[in-house]
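**Student:** Give the three-dimensional model of this entry:
(2 chains)
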2 protein chains.
Amino acid sequence: MTPPPAPGPTGLITHGPADLVVTGCTALTHDARGEIVFVDDATVVVRDGVIASVTAGGTGDHIPAAAERIDGRGTVALPGLVNCHTHTPMVALRGLAEDLPAHAWFNDWIWPVESNLTGRVVGLGARLACAEMIRGGVTTFADHYFAMDEVAAAARQSGLRAVLGQAYFSSQGPEGRAASLDFALRQRGAADGRITTCLAPHAPYTVDGADLAATAELAMEHGLLVHIHAAENREQTDNSLARHGRTPIEILERAGLLDTDVLLAHATGLDTDRDLPVLRRARGRVAVASAPRGYLKFGWDTTPVRALREAGVPVGLATDGAASNNTLDVWESMTLTALVQKYVERDPTWLTARQALDHATLQSARAVGLGDEIGSLAPGRRADLVLVDVTGPHTQPVHDLAATLVHSARSADVRTTIVAGRVLMRDRRLLTLDVPDIVGELSELLPELTDRSHGGRIQEYEG
Amino acid sequence: MTPPPAPGPTGLITHGPADLVVTGCTALTHDARGEIVFVDDATVVVRDGVIASVTAGGTGDHIPAAAERIDGRGTVALPGLVNCHTHTPMVALRGLAEDLPAHAWFNDWIWPVESNLTGRVVGLGARLACAEMIRGGVTTFADHYFAMDEVAAAARQSGLRAVLGQAYFSSQGPEGRAASLDFALRQRGAADGRITTCLAPHAPYTVDGADLAATAELAMEHGLLVHIHAAENREQTDNSLARHGRTPIEILERAGLLDTDVLLAHATGLDTDRDLPVLRRARGRVAVASAPRGYLKFGWDTTPVRALREAGVPVGLATDGAASNNTLDVWESMTLTALVQKYVERDPTWLTARQALDHATLQSARAVGLGDEIGSLAPGRRADLVLVDVTGPHTQPVHDLAATLVHSARSADVRTTIVAGRVLMRDRRLLTLDVPDIVGELSELLPELTDRSHGGRIQEYEG
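**Tutor:** From the prediction side, this is the model:
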């Protein structure tokens, strides 16, 4: 017989045994205005995949019985990181094409090699990527690639939450768009609701105006997010102006895509004078995913975070694919966002550690369309959280925990990763994926994958 | 009875039992031109603190008996990293003064707090820093601070190699310089030769011309390296030109310091038109230490690595102190050097992964005056090496091992750190330092250390 609900330490009702309880951690929470508040000696209670409570100083009698308990002493519990734009299977190409400008990278390496993609490579790559992300404290990823049923299967197996879109070019004809819609409708809500879906036109320079307009209509009709590369670099914006008299952002607006919920990848090539007014007047929820590591590597400008923030556009953190970024380390993206934004604005007082954490939590959640579901450790939100060890010599002493997290800690300090209340990594041990097996299988496929002797490519990069 | 020396696999003579043998790793070595060559399935043999041999495919009979053996499968053995410019005890201030411009950082926080320094804080901070560096694959550090006997003791206890200099300002009178010399002569060769020493005038803006000239003479007389902050940022150079009609580099030249072996910290404010010809004609061995993380954080320019390389000036990697840099992670400095240099030069083909590894190995060794001793895994060099795990999901697959190391691996992948043949960390376990003890003791001293109510400061920053 279940005892009657008893009042918890802060008056919350505790409804009998919990699924998971984390004790003794410091919890990163948000106040009503969205400001970060660290709660010391916190107890996090999870029921049915959802956070039931986050309370301070909960000890002894007040902690409910639970199927699983984690001693969080020495760690900070924070909302799991969100990789707002990636191409997970491209981990198979990590380090293949280095120290190259974008044209050569696309046309001589990546797009020829992607002619050789198979479902098996995509599935193995996605699994390896999921393993990397779980170890790096990522709990949700937004993926934009091909053979996405394989990625969905990897997300399902790994236990991660995912926002998935099947990419298409206009060069595929209307079938590309149709397949993207089919995928989005079929997989929406899969994996116990952990998978949400979107439409994923590749970019304004590879998807024509009619196709973009049709995409906008489908997004409206079906209530789908649109995830697209836009203004990846300044050269693309200049070329767009020369060819069409419009910036990539203006092309998206004209196609009606800014009337929908849309996630723009990169936007380092924004023409701030022309594009910011367009983004301000957008009727849909527009957000940007920023992956600063790759921009440095290609020698591009970075995402104009300050201008976007002033325009009210959320900026989420991302890694892009590992073929350009070399890692799927969103923690590194957080740190680099802080560092690079200070540098490009020539303002050390800008992009504080707390703001970096805001991008990593609430803003990233909003960017992928899950602003009410994830991104904060609050009752009712999905129980997606990570425990980060701050006892290492590189994170001690702690004068300012936000600075410790952003500037001293790193992804390798994530000890435990939890999605929907399920522990996917505990004390650095992966519980859902077998890395040596995945790497072994994938390695056998690499010679065929990386063969460029056929001379083909899936698309021509003209940016 | 010792058997007669037998020829090894490549004809080297193996002289009976070794002290340490690492098998099955991939070794990062250098060819005669200094180019990086990876040797697969390598065996590294260490005797008397020195590398006896690095051979390929050494298995079975050819591996000598050894007091200690390490199975290096799945790892890359590379020369231990060198932190070419740091202030180790400043880890005690990690995260204390964040998101501030340099003036406020110095005058309102760091220099007031440094009025409260005690030998005990310095010693504990240095130990904590050594722990962090050992875990991050650093085997040598060049430290420039106060109470340096405490740092020497920490280096001795930790097992690290160190290049130590007692800092001074002209505001201390001639005693500052005398104490720096006394320290350098007293500690030179300490800790079984692991400690080398230098003279450490603070900077051209805090040490006057006469003091710098006297330092140059002492350096010549005693054969000592000089380690000094120089042209830390562009504002310092502009101020130097306004006050003295000379850049900081020209001031050093005029004082005779470029006739000595000199290590210049930062040099982000080089006036390349004026300063590069000066550096080219320097008669001493001039090198620069670059700590790119802090420059981003302060919104400064970065070290002009390309121009320095063209001028033949070695650029070593550094972290500066953790009060500004937040980490002592030289691996991160390597990665950031590659990324930031590509960005500032707007050239993705520049600062390749192999060049980054060159800065991390040979150039860093030269920068701290140990170019013949460390920086390469070659017979006769000190056995300072680290084993880096490349089996993690974030480092797989490997298409290009240099790219894997620079752009995918990170300091947390260092499994084992060895200095002079002694294992200081094995499988991530520190063997010479107790972090919880050090942190516990240091934490008790922090309230007194960070008290600024006295209103004093050790120096005024006017840059």
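
**Student:** Quick check: residues of the stretch 201-350 of chain A near chain B?
**Tutor:** Residues of the stretch 201-350 of chain A lying near chain B by CB under 8 Å from any CB of the partner chain: A:293, A:295-300, A:322, A:326-329, A:338-340, A:342-343, A:345-350. All C-beta atoms are positioned from the backbone trio N, CA, C, and that covers glycine.

**Student:** so who does A:Asp301 touch?
**Tutor:** Neighbouring residues of A:Asp301 by CB atoms under 8 Å, 6 or more residues apart in numbering or on different chains: A:233-234, A:268-269, A:295, A:344.

**Student:** Just those: which are in strands?
**Tutor:** Counting by DSSP state E, no part of these is found in strands.

**Student:** Between those, which sits nearest chain B?
**Tutor:** A:Tyr295 (7.5 Å; CB to the nearest CB).

**Student:** Can you tell me how far A:Gly49 is from B:Asp71?
**Tutor:** To B:Asp71, A:Gly49 is 42 Å away according to CB to CB, to the nearest Å.

**Student:** Which one's more surrounded, the two?
**Tutor:** A:Gly49 (18 against 12; other CB atoms under 10 Å in any protein chain shown).

**Student:** Just the pLDDT at the more buried one, thanks.
**Tutor:** Looking at A:Gly49, its pLDDT stands at 97.

**Student:** Likewise for A:Ile63?
**Tutor:** 82.

**Student:** That one is in contact with A:Thr43, isn't it?
**Tutor:** Yes. Counting by CB atoms under 8 Å, A:Ile63 touches A:Thr43, with 5.7 Å between them.

**Student:** Name the residue closest to the centre of chain A, please.
**Tutor:** By CA atoms, centre = their mean, the mean C-alpha position of chain A lies nearest to A:Asn83, the distance being 1.6 Å.

**Student:** could you give the mean pLDDT of the helix or strand hosting that residue?
**Tutor:** Here A:Asn83 sits within strand A:81-86, counting by DSSP states H and E. The predicted model assigns strand A:81-86 a mean pLDDT of 98.

**Student:** How about that strand and chain B, touching?
**Tutor:** No. Residues of strand A:81-86 are not located near chain B by CB under 8 Å from any CB, the shortest gap being 12.9 Å.

**Student:** Within its sheet, name the partner strands of that strand and how each one runs.
**Tutor:** Paired with strand A:81-86 in the same sheet, following DSSP bridges, are strand A:138-145 (parallel).

**Student:** What residues sit buried inside the helix or strand following the partner strand?
**Tutor:** Reading on from strand A:138-145 to the C-terminus, the next helix or strand found by DSSP H and E is helix A:148-158. By neighbour count on 16 or more other CB atoms under 10 Å in any protein chain shown, the buried set for helix A:148-158 is A:148-156, A:158.

**Student:** pLDDT and distance to chain B for those - can I get that in TSV?
**Tutor:** Shown next, in TSV, are those (pLDDT from 0 to 100; distance: CB to the nearest CB, whole Å):
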residue	pLDDT	distance to chain B
A:Met148	98	21
A:Asp149	98	22
A:Glu150	98	17
A:Val151	98	16
A:Ala152	98	19
A:Ala153	98	18
A:Ala154	98	12
A:Ala155	98	15
A:Arg156	98	18
A:Ser158	98	11
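
**Student:** can you list these in JSON lines and add distance to A:Thr118?
**Tutor:** Below are the buried residues of helix A:148-158 laid out as JSON lines (distance: CB to CB, whole Å):
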{"residue": "A:Met148", "distance to A:Thr118": "14"}
{"residue": "A:Asp149", "distance to A:Thr118": "13"}
{"residue": "A:Glu150", "distance to A:Thr118": "9"}
{"residue": "A:Val151", "distance to A:Thr118": "13"}
{"residue": "A:Ala152", "distance to A:Thr118": "16"}
{"residue": "A:Ala153", "distance to A:Thr118": "14"}
{"residue": "A:Ala154", "distance to A:Thr118": "14"}
{"residue": "A:Ala155", "distance to A:Thr118": "19"}
{"residue": "A:Arg156", "distance to A:Thr118": "20"}
{"residue": "A:Ser158", "distance to A:Thr118": "20"}
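
**Student:** Map the structural domains onto the sequence of chain A.
**Tutor:** With domains defined by automatic domain parsing, chain A comprises A:6-79+A:378-430, A:81-367.

**Student:** Just name the most buried of the ones you listed.
**Tutor:** domain A:81-367 (a mean of 22; mean count of other CB atoms under 10 Å in any protein chain shown).

**Student:** ok, now which ones touch the residue nearest to A:His266 when sequence neighbours are not counted?
**Tutor:** Excluding its sequence neighbours, the residue lying closest to A:His266 (CB to CB, 6 or more residues apart in numbering or on different chains) is A:Glu232, at 4.4 Å. Counting by CB under 8 Å, 6+ apart, A:Glu232 makes contact with A:203, A:265-269, A:300, A:463.

**Student:** which among the residues you listed gets closest to B:Arg177?
**Tutor:** Checking the contacts of A:Glu232 against B:Arg177 by CB to CB gives A:Trp300 as the nearest, at 47.6 Å.

**Student:** Tell me the pLDDT of A:Ser324.
**Tutor:** For A:Ser324, the pLDDT comes out at 96.

**Student:** so where does it fall, helix or strand?
**Tutor:** Assessed by DSSP H and E, A:Ser324 sits inside helix A:322-325.

**Student:** just A:Arg186 next, same as before
**Tutor:** For A:Arg186, the host element (DSSP H and E) is helix A:174-187.

**Student:** by how many degrees do that helix and helix A:148-158 diverge?
**Tutor:** 20 degrees (axes from the mean of the first three to the mean of the last three CA atoms, to 10 degrees).

**Student:** In PDB, list the C-alpha atoms belonging to helix A:174-187.
**Tutor:** Below are the C-alpha coordinates for helix A:174-187, written out as PDB (Å, rounded to 0.1, in the frame of the first residue of the first chain):
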ATOM      1  CA  PRO A 174      10.700  17.400 -55.700                       C
ATOM      2  CA  GLU A 175      11.500  13.900 -54.300                       C
ATOM      3  CA  GLY A 176      14.000  15.400 -52.000                       C
ATOM      4  CA  ARG A 177      11.500  17.600 -50.300                       C
ATOM      5  CA  ALA A 178       8.900  14.900 -50.200                       C
ATOM      6  CA  ALA A 179      11.300  12.500 -48.600                       C
ATOM      7  CA  SER A 180      12.200  15.100 -46.000                       C
ATOM      8  CA  LEU A 181       8.500  15.600 -45.200                       C
ATOM      9  CA  ASP A 182       7.800  11.900 -45.100                       C
ATOM     10  CA  PHE A 183      10.700  11.400 -42.700                       C
ATOM     11  CA  ALA A 184       9.500  14.300 -40.500                       C
ATOM     12  CA  LEU A 185       5.900  12.900 -40.300                       C
ATOM     13  CA  ARG A 186       6.900   9.300 -39.800                       C
ATOM     14  CA  GLN A 187       9.500   9.800 -37.100                       C
END
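
**Student:** How about residues contacting that helix?
**Tutor:** Helix A:174-187 is contacted from outside by A:148-149, A:152, A:164-170, A:195, A:197-201, A:211, A:214-215, A:218, A:222, A:224, using CB under 8 Å, 6+ apart.

**Student:** Quick one: mean pLDDT for that helix?
**Tutor:** On average, helix A:174-187 scores 98.

**Student:** Much appreciated, bye for now.
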